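Chemist: kindly return the folded structure for what I paste below:
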Amino acid sequence: MIFVHQPNACASTGQPLLERRLLEMSEPIPSDALWIDLIEPTRQEDHKVEAFLGISIPTREEMEDIEPSELLYVENGARYMTGRLLCRVDTDDARLTGVTFILRDNKLATVRYDDPQAFRMFVHRAARPAGVMLTGEAILAGLIETVIDRAADVLQAQGERIDRLSRLIFAEHADPSARNAELQDTLRALGRHNELLSQQRESLVSVERILLSLSASYRASKAPREIREEVRSTLRDLQSLEEHATFLSGKIQFLLDATLGLVNLEQNNIIKLFSVMAVVFMPPTLIASMYGMNFKVMPELEWGFGYPMAVVMMVVAAILPYAFFRWKRWL
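Modeler: Modelled structure (predicted):
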């Protein structure tokens, strides 16, 4: 699909806004289009945009490269920048998707094969009067700023979930029997949060590379001051988010260690219980073994009170170790 964004004016206020519409395959691309958004494009759609802008649209496989030289480069007067954005965060299928930004002659083209929430947020913002400056560079800067805003929302939500897990881990439970199952659920939840956080950090690193490249390019080309300031401000925001993501990652590691420690304590309590039971029953077993021997000369076998005496000895031999453990507070 090809969506084109053209400058327009608000009917009520007359302020400029960006109008979005789906372009049919038979329609030509409008000459005043500032942003061309390709979503899962076909080869015919790629060729159409390539002919209009004089660029080469990268394939999906090329967008998955990890070499910086394949992600950030200039070719035929067009600047190519590929980043990885987090999408489907609110589902169990959160993933990173490659997005390529192509800037040429004050026109922006984006190529993507998924629908990150940040794009929907920016489209809604740009459709409002004075929501964005009507230049390709300003649209690119606004898009990246929205990506950072969305990353901040994701990290904030992750932080709140991690805080809830922290309270759950260290809370006292009235039902110790259910503790083991709760700890297993907590371990799985921590694993999911760590995976999502790792993906978000990878996304931030890729966007940071784009911003650093843009900042250097704008300094060299003496781009408008407003655009340069916006890029620098966005870069500072991104770096602060990276620090926050590092903090959350350390907190997850701490909670993971604490949870594993609690699991070990639960296992130790079980082993301790079996050990105590073995020690408690060892002296009675010794007494029973002594009187179970088949020797001819055993005077106690002829005693009338021999059996009650043996039973009392076994009971006392079991009680004494138990009382000792209780006195030592090992139970």
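
Chemist: use CA for all of it now, contacts and neighbours both
Modeler: Fine.

Chemist: hmm, Met298 and Gly306 touching each other?
Modeler: No - contact criterion CA atoms under 8 Å: Gly306 and Met298 do not qualify, at 10.7 Å.

Chemist: quick one: Ser26 is in a helix?
Modeler: No - Ser26: not assigned to a helix; according to DSSP: H, G, I helix; E, B strand; the rest coil it is coil.

Chemist: now Arg88, what are its backbone angles?
Modeler: The phi/psi pair for Arg88 (degrees, to the nearest 10) reads phi 60, psi 40.

Chemist: please name the nearest non-neighbouring residue to it.
Modeler: Ala94 (4.7 Å; CA to CA, 6 or more residues apart in numbering).

Chemist: can you give me the buried ones in the lowest-mean-pLDDT helix or strand in the chain?
Modeler: Taking mean pLDDT, DSSP states H and E as the measure, the chain has helix 68-71 as its least confident helix or strand, at a mean of 74. Across helix 68-71, burial judged by 16 or more other CA atoms under 10 Å covers Leu71.

Chemist: give me the residues contacting that helix.
Modeler: Glu62, Met63, Asp65, Tyr80, Met81, Thr82, Gly83 (CA atoms under 8 Å, 6 or more residues apart in numbering).

Chemist: which one (most neighbours) among the residues you listed?
Modeler: Thr82 (28 neighbours; other CA atoms under 10 Å).

Chemist: coming back round to it: got a list of what the residue nearest to Arg88 touches?
Modeler: With CA under 8 Å, 6+ apart, Ala94 has these contacts: Leu86, Cys87, Arg88, Leu196.

Chemist: out of these, list just those in strands.
Modeler: Residues of the contacts of Ala94 located in strands (DSSP state E): Leu86, Cys87.

Chemist: if we can go back for a sec, any idea how far the least confident helix or strand of the chain is from the middle of the chain?
Modeler: Put simply, helix 68-71 sits 25 Å off its chain's centre (CA atoms, centre = their mean, to the nearest Å).

Chemist: check stretch 78-85 too.
Modeler: 22 Å.

Chemist: show me the helices in the stretch 201-331 of the chain, by range?
Modeler: Using DSSP state H, counting those that start in this stretch, the helices of the stretch 201-331 of the chain run over 225-290, 306-327.

Chemist: give me the distance between the closest residue to Glu300 other than its chain neighbours and Ala318.
Modeler: Excluding the flanking residues, the one nearest Glu300 by CA to CA, 6+ apart is Gly306, at 5.4 Å. Separation of Gly306 from Ala318 (CA to CA, to the nearest Å): 19 Å.

Chemist: compare neighbour counts for these two and give me the winner.
Modeler: Neighbour count, other CA under 10 Å: between Gly306 and Ala318, Ala318 has more, with 19 against 13.

Chemist: check that one and give its pLDDT.
Modeler: Confidence at Ala318, expressed as pLDDT, is 84.

Chemist: report the buried residues of stretch 21-29.
Modeler: By 16+ other CA under 10 Å, the buried positions in stretch 21-29 come out as Leu23, Ile29.

Chemist: with only the CA atoms kept, save that stretch in PDB.
Modeler: Only the C-alpha atoms of stretch 21-29 are listed here, as PDB (Å, rounded to 0.1, in the frame of the first residue of the first chain):
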ATOM      1  CA  ARG A  21      -4.900   9.300   1.800                       C
ATOM      2  CA  LEU A  22      -4.400   5.900   0.200                       C
ATOM      3  CA  LEU A  23      -3.100   6.100  -3.400                       C
ATOM      4  CA  GLU A  24      -4.600   3.800  -5.900                       C
ATOM      5  CA  MET A  25      -2.200   1.900  -8.200                       C
ATOM      6  CA  SER A  26      -3.600   3.700 -11.200                       C
ATOM      7  CA  GLU A  27      -3.100   7.100  -9.700                       C
ATOM      8  CA  PRO A  28       0.100   9.100 -10.200                       C
ATOM      9  CA  ILE A  29       1.900  10.300  -7.100                       C
END
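
Chemist: returning to that earlier point: among the contacts of Ala94, who's most crowded?
Modeler: Leu86 (26 neighbours).

Chemist: show me the contacts for that one.
Modeler: Ala94, Arg95, Leu96, Thr97, Pro116, Gln199, Gln200, Ser203.

Chemist: my read: the second one touches Arg88, true?
Modeler: Yes - at 6.6 Å, Arg95 counts as touching Arg88 under the criterion of CA under 8 Å.

Chemist: contacts only, for Leu256.
Modeler: Leu187, Leu190.

Chemist: start the count at 370 instead of 1 going forward.
Modeler: Sure, I'll start counting at 370 from here, so that last one is Leu625.

Chemist: could you report the pLDDT at it?
Modeler: 87.

Chemist: gap between it and Phe488?
Modeler: Counting by CA to CA, the gap from Leu625 to Phe488 is 34 Å.
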